[in-house]
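A.B. asks: here is a sequence with its predicted model. Questions after.
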Amino acid sequence: MVRKVGMATALIVSGVLAAGCSGGSSKGGPFGLGVSDSPTVTRSSTQNPEPPPPPSPDPVTPEPVTTSATPRPTTTARPDVTLTAARAQTVVSAVALVPKDWGDTYVPQEQNYEHTALDRVITGTDCKQALQGTTPGALATMGRYVYIPDGKPSVDNLSKTLATSSATVYSTAVAARTDMQIGLADARRCPNQVLGGDEKLNGIQVLDLTVEGIDEVHVARAQWVSGHGGAPFQYVWVTARQGQMVLTAAVVDRGDKTFESAKNQAIDALAKMIARTTVHLR
């Protein structure tokens, strides 16, 4: 299902997305839900990792999307900005959120708070994700992991809420869109995914939005399962593309039974990053 909504400025995108998300979702799943894009735990280096699964299709020829919910990017003219590596890192560092952007109760994850590696996440034929090389066309990325403490370390995944935001800038808008489309095809092929270690997403559903002034917007929900205990929890992931910049926000809310809290937090986070992109990517 594709919902088309309008807005006057990126600063009110939160309300627009919240309105567009009500009333159901289309079949399929989120894309780019990789090891670096989901709330994660720090794993022991003594673990024996499974061999990586076969890679996804060649990025030049991604699998065709068979669902009717094909994304329909708007026709905003956004010329590519030539960036040095240093400038690109400055931009993504300014756009990705810090704990206070999420709220007063959020704090940085104790380990691996920031992620800057340009890892390429592939989804194999067995629907397991793995890292393989670097992301084609990506210049810089910044992911930050935060949580609301409840007296236990965040690495145990026992906090009330886990959240992450990331900003990735590519050399061109074509490279950014290609990466998103590959992930979209992979996710629709694999509604149940293994993110790595003991983390899984089950029953992924995705809603594709068309929002004036934003090239691509997608909102997804799933049941997040971790081997660190507890029942499956609501996982909400949102992403947007502004030209050559890809923005993501994900939330796992252990106190959320209807997914509304996680959805609202993720959408608010995305809206803040969209506004920052408008300022910093010129």
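C.D. replies: Arrived safely, thanks for sending. Residues are numbered from 1 along each chain as shown.
A.B. asks: near Val211, how many other residues are there?
C.D. replies: By the measure other C-beta atoms under 10 Å, the count of residues near Val211 is 21. (Each C-beta comes from the backbone N, C-alpha and C, glycine too.)
A.B. asks: next one: Cys127
C.D. replies: Other residues close to Cys127 by other C-beta under 10 Å number 18.
A.B. asks: I'd say it and Val194 touch.
C.D. replies: Yes. With contact taken as C-beta atoms under 8 Å, Cys127 and Val194 are classed as touching, separated by 6.5 Å.
A.B. asks: the helices in this structure, which residues?
C.D. replies: Remark: helices assigned in the chain by DSSP state H are 13-21, 85-95, 99-102, 173-189, 260-280.
A.B. asks: closest to Leu209 out of the ones you listed?
C.D. replies: helix 13-21 (4.8 Å; C-beta to C-beta).
A.B. asks: now that closest one: average pLDDT?
C.D. replies: What helix 13-21 shows for mean pLDDT is 46.
A.B. asks: over to stretch 236-250?
C.D. replies: Stretch 236-250 shows a mean pLDDT of 93 in the predicted model.
A.B. asks: what about that stretch, how long is it end to end?
C.D. replies: 6 Å (C-alpha to C-alpha, to the nearest Å).
A.B. asks: try stretch 86-104
C.D. replies: For stretch 86-104, the end-to-end distance is 31 Å (C-alpha to C-alpha).
A.B. asks: contacts made by that stretch with the rest, please.
C.D. replies: 83, 106-108, 116, 139-144, 146, 163, 165-169, 245, 247, 249, 265, 269, 272-273, 276-277, 280-281 (C-beta atoms under 8 Å, 6 or more residues apart in numbering).
A.B. asks: in this structure, what residue spans correspond to strands?
C.D. replies: Using DSSP state E, the strands of the chain run over 2-5, 107-108, 114-115, 119-123, 129-134, 138-148, 161-170, 193-196, 199-211, 216-226, 233-242, 245-253.
A.B. asks: export the ones you listed to JSON lines and tack on distance to Arg87?
C.D. replies: Formatted as JSON lines, those follow (distance: least, C-beta to C-beta, whole Å):
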{"stretch": "strand 2-5", "distance to Arg87": "33"}
{"stretch": "strand 107-108", "distance to Arg87": "25"}
{"stretch": "strand 114-115", "distance to Arg87": "18"}
{"stretch": "strand 119-123", "distance to Arg87": "21"}
{"stretch": "strand 129-134", "distance to Arg87": "19"}
{"stretch": "strand 138-148", "distance to Arg87": "9"}
{"stretch": "strand 161-170", "distance to Arg87": "9"}
{"stretch": "strand 193-196", "distance to Arg87": "31"}
{"stretch": "strand 199-211", "distance to Arg87": "27"}
{"stretch": "strand 216-226", "distance to Arg87": "24"}
{"stretch": "strand 233-242", "distance to Arg87": "17"}
{"stretch": "strand 245-253", "distance to Arg87": "13"}
